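**Q** Take a look and give me a structure for this.
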Amino acid sequence: MELPKSNNLSVHLLAACFNKKVTTYKFYWLLSILQTAETGTLKIQKRDLFARMIANAWYTVNYFHVSFGKQDLIQQAIKIVNENERIAIDENLQTVFNKLSSTQNRIIENQLWHFNKNVPHWFLSPWFPQMNKKEIYNSSQSYDNNCLYAVFENEIHINPDWGVYLTANAKVLKDFCYWNLALVLTFNPKNDVQAL
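**A** Residues are numbered from 1 along each chain as shown. Take a look at the predicted model:
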(Lines give C-alpha, C1' and ligand atoms only; values in the text may rest on other atoms or scores of the structure.)
Protein backbone atom coordinates (compact mmCIF):
# COMPACT_ATOMS: atom_id res chain seq x y z
CA MET A 1 0.00 0.00 0.00
CA GLU A 2 1.43 3.37 -1.04
CA LEU A 3 0.83 6.78 0.47
CA PRO A 4 -0.94 9.44 -1.62
CA LYS A 5 1.56 11.44 -3.64
CA SER A 6 2.27 15.15 -3.28
CA ASN A 7 4.19 17.51 -5.56
CA ASN A 8 5.67 19.61 -2.75
CA LEU A 9 5.92 17.25 0.23
CA SER A 10 8.45 14.54 0.99
CA VAL A 11 5.86 11.78 1.30
CA HIS A 12 8.61 9.19 0.85
CA LEU A 13 10.05 10.35 4.21
CA LEU A 14 6.70 9.86 5.89
CA ALA A 15 6.60 6.34 4.48
CA ALA A 16 10.20 5.83 5.67
CA CYS A 17 9.03 6.34 9.26
CA PHE A 18 7.70 2.79 9.00
CA ASN A 19 10.76 1.11 7.49
CA LYS A 20 11.86 -0.36 10.83
CA LYS A 21 8.96 -2.20 12.39
CA VAL A 22 10.17 -3.10 15.87
CA THR A 23 7.40 -1.55 17.99
CA THR A 24 3.84 -0.40 17.41
CA TYR A 25 4.41 3.11 18.77
CA LYS A 26 4.88 4.79 15.41
CA PHE A 27 1.57 3.46 14.07
CA TYR A 28 -0.40 4.57 17.11
CA TRP A 29 1.46 7.90 17.13
CA LEU A 30 0.55 8.72 13.53
CA LEU A 31 -3.03 7.52 14.03
CA SER A 32 -3.31 9.88 17.00
CA ILE A 33 -1.91 12.78 15.00
CA LEU A 34 -4.34 12.09 12.15
CA GLN A 35 -7.35 11.83 14.46
CA THR A 36 -6.48 15.20 15.97
CA ALA A 37 -5.57 16.89 12.69
CA GLU A 38 -8.96 15.88 11.27
CA THR A 39 -10.56 18.22 13.82
CA GLY A 40 -8.54 21.12 12.38
CA THR A 41 -6.14 21.24 15.32
CA LEU A 42 -2.52 21.76 14.25
CA LYS A 43 -1.05 22.52 17.70
CA ILE A 44 -1.47 19.33 19.68
CA GLN A 45 -0.64 18.61 23.30
CA LYS A 46 1.67 15.62 23.61
CA ARG A 47 -0.33 14.32 26.54
CA ASP A 48 -3.42 14.12 24.31
CA LEU A 49 -1.44 12.21 21.68
CA PHE A 50 -0.12 9.77 24.27
CA ALA A 51 -3.66 9.27 25.62
CA ARG A 52 -4.91 8.62 22.06
CA MET A 53 -2.11 6.11 21.49
CA ILE A 54 -3.29 4.06 24.45
CA ALA A 55 -6.95 4.53 23.52
CA ASN A 56 -6.20 3.29 19.99
CA ALA A 57 -4.47 0.18 21.34
CA TRP A 58 -7.10 -0.40 24.05
CA TYR A 59 -9.21 -3.00 22.22
CA THR A 60 -6.25 -4.81 20.72
CA VAL A 61 -4.72 -5.43 24.14
CA ASN A 62 -7.80 -5.74 26.37
CA TYR A 63 -10.33 -7.38 24.11
CA PHE A 64 -8.23 -9.40 21.69
CA HIS A 65 -5.39 -10.07 24.17
CA VAL A 66 -2.62 -9.39 21.66
CA SER A 67 0.90 -9.06 23.02
CA PHE A 68 3.05 -6.54 21.16
CA GLY A 69 6.34 -8.11 22.25
CA LYS A 70 8.95 -7.43 24.88
CA GLN A 71 10.23 -4.12 23.53
CA ASP A 72 6.81 -2.52 23.12
CA LEU A 73 5.50 -0.94 26.32
CA ILE A 74 2.00 0.05 25.17
CA GLN A 75 0.69 -3.25 26.48
CA GLN A 76 2.36 -2.65 29.86
CA ALA A 77 0.96 0.90 30.01
CA ILE A 78 -2.55 -0.43 29.33
CA LYS A 79 -2.13 -3.01 32.09
CA ILE A 80 -1.17 -0.26 34.54
CA VAL A 81 -4.10 1.88 33.39
CA ASN A 82 -6.40 -1.10 34.00
CA GLU A 83 -5.04 -1.44 37.53
CA ASN A 84 -5.46 2.26 38.36
CA GLU A 85 -8.49 3.57 36.46
CA ARG A 86 -12.05 2.35 36.12
CA ILE A 87 -12.30 1.87 32.39
CA ALA A 88 -14.20 -1.08 30.95
CA ILE A 89 -12.25 -3.27 28.55
CA ASP A 90 -14.91 -2.75 25.90
CA GLU A 91 -15.14 1.03 26.41
CA ASN A 92 -15.22 3.09 23.22
CA LEU A 93 -12.12 4.89 22.05
CA GLN A 94 -13.39 8.41 22.79
CA THR A 95 -14.31 7.55 26.39
CA VAL A 96 -10.90 5.94 27.00
CA PHE A 97 -9.21 9.00 25.51
CA ASN A 98 -11.32 11.41 27.60
CA LYS A 99 -10.51 9.58 30.83
CA LEU A 100 -6.79 9.33 30.09
CA SER A 101 -6.37 12.89 28.86
CA SER A 102 -8.05 14.32 31.96
CA THR A 103 -6.77 11.97 34.66
CA GLN A 104 -5.10 13.42 37.74
CA ASN A 105 -3.62 10.03 38.66
CA ARG A 106 0.19 10.43 38.76
CA ILE A 107 0.73 6.76 37.93
CA ILE A 108 -1.29 7.10 34.73
CA GLU A 109 0.36 10.41 33.86
CA ASN A 110 3.78 8.74 34.20
CA GLN A 111 2.67 5.96 31.85
CA LEU A 112 1.52 8.51 29.28
CA TRP A 113 4.72 10.55 29.47
CA HIS A 114 6.89 7.45 29.10
CA PHE A 115 6.24 7.72 25.35
CA ASN A 116 7.84 11.18 25.30
CA LYS A 117 11.29 9.62 25.76
CA ASN A 118 11.50 8.44 22.17
CA VAL A 119 8.37 8.66 20.06
CA PRO A 120 7.89 12.37 19.14
CA HIS A 121 11.44 13.08 17.98
CA TRP A 122 12.50 9.67 16.59
CA PHE A 123 9.40 9.58 14.40
CA LEU A 124 11.00 12.52 12.57
CA SER A 125 14.32 10.73 12.03
CA PRO A 126 13.80 10.28 8.25
CA TRP A 127 13.82 14.08 7.96
CA PHE A 128 16.81 14.37 10.30
CA PRO A 129 19.10 11.38 9.81
CA GLN A 130 22.19 11.24 12.04
CA MET A 131 20.75 13.82 14.47
CA ASN A 132 20.24 13.33 18.20
CA LYS A 133 17.13 14.23 20.20
CA LYS A 134 18.16 17.82 20.95
CA GLU A 135 19.14 18.49 17.34
CA ILE A 136 15.83 17.07 16.07
CA TYR A 137 13.87 19.27 18.49
CA ASN A 138 15.79 22.37 17.38
CA SER A 139 15.66 21.67 13.65
CA SER A 140 12.01 20.66 13.66
CA GLN A 141 10.98 23.94 15.28
CA SER A 142 11.99 25.73 12.07
CA TYR A 143 10.34 23.01 9.96
CA ASP A 144 13.76 22.23 8.48
CA ASN A 145 13.61 19.80 5.55
CA ASN A 146 9.86 20.56 5.45
CA CYS A 147 9.36 18.04 8.27
CA LEU A 148 5.94 16.80 9.32
CA TYR A 149 5.77 18.70 12.62
CA ALA A 150 7.77 20.73 15.12
CA VAL A 151 8.50 19.13 18.49
CA PHE A 152 8.32 21.19 21.67
CA GLU A 153 8.45 20.21 25.32
CA ASN A 154 4.70 19.72 25.76
CA GLU A 155 3.25 19.83 22.27
CA ILE A 156 3.84 19.37 18.58
CA HIS A 157 2.88 21.81 15.82
CA ILE A 158 1.88 20.25 12.53
CA ASN A 159 3.72 21.90 9.66
CA PRO A 160 1.02 23.91 7.82
CA ASP A 161 2.33 22.49 4.51
CA TRP A 162 1.52 19.02 5.84
CA GLY A 163 -1.77 19.95 7.55
CA VAL A 164 -3.77 20.02 4.31
CA TYR A 165 -2.21 16.75 3.13
CA LEU A 166 -2.99 14.98 6.42
CA THR A 167 -6.61 16.07 6.55
CA ALA A 168 -7.27 15.52 2.83
CA ASN A 169 -5.76 12.02 2.97
CA ALA A 170 -6.64 11.04 6.55
CA LYS A 171 -8.63 7.94 5.59
CA VAL A 172 -5.93 6.53 3.32
CA LEU A 173 -3.20 7.37 5.86
CA LYS A 174 -5.13 5.67 8.65
CA ASP A 175 -5.69 2.63 6.43
CA PHE A 176 -1.94 2.62 5.74
CA CYS A 177 -1.27 2.61 9.50
CA TYR A 178 -3.79 -0.15 10.21
CA TRP A 179 -2.55 -2.28 7.29
CA ASN A 180 1.09 -2.03 8.35
CA LEU A 181 0.22 -2.48 12.01
CA ALA A 182 -1.65 -5.66 11.11
CA LEU A 183 1.40 -6.88 9.21
CA VAL A 184 3.63 -6.23 12.21
CA LEU A 185 1.23 -7.97 14.57
CA THR A 186 0.78 -11.05 12.41
CA PHE A 187 3.88 -11.58 10.28
CA ASN A 188 6.87 -10.43 12.27
CA PRO A 189 8.24 -13.35 14.32
CA LYS A 190 11.26 -11.29 15.45
CA ASN A 191 8.83 -8.94 17.22
CA ASP A 192 7.70 -11.73 19.57
CA VAL A 193 4.09 -10.70 18.94
CA GLN A 194 1.59 -13.27 20.04
CA ALA A 195 -2.01 -13.70 21.03
CA LEU A 196 -2.29 -14.50 24.72
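
**Q** contacting residues around residue 105?
**A** Residues near residue 105 by CB atoms under 8 Å, 6 or more residues apart in numbering: 84, 85. Using the backbone N, CA and C atoms, a C-beta is placed for each residue, glycine as well.

**Q** pLDDT score for it?
**A** Confidence at residue 105, expressed as pLDDT, is 96.

**Q** Ok, residue 86 next?
**A** pLDDT recorded at residue 86 is 88.

**Q** Could you do the one 4 residues further on as well?
**A** Reading off the per-residue confidence, residue 90 sits at a pLDDT of 89.

**Q** Skip the chain neighbours and tell me the closest residue to residue 152.
**A** residue 141 (6.9 Å; CB to CB, 6 or more residues apart in numbering).

**Q** Remind me which helix or strand the nearest residue to residue 128 once chain neighbours are set aside belongs to.
**A** Ranked by CB to CB, 6+ apart and with sequence neighbours excluded, the top spatial neighbour of residue 128 is residue 136, at 4.8 Å. Remark: residue 136 resides in helix 133-140, with elements defined by DSSP states H and E.

**Q** Within the sheet, what are the partner strands of the helix or strand following that helix, with directions?
**A** Moving toward the C-terminus from helix 133-140, the first helix or strand encountered (DSSP H and E) is strand 149-151. Partners of strand 149-151 in the sheet, by DSSP bridges, are strand 155-158 (antiparallel).

**Q** Touching the partner strand from outside, list them.
**A** Applying CB under 8 Å, 6+ apart, the external contacts of strand 155-158 come out as 33, 37, 42-46, 49, 120, 148-150, 166.
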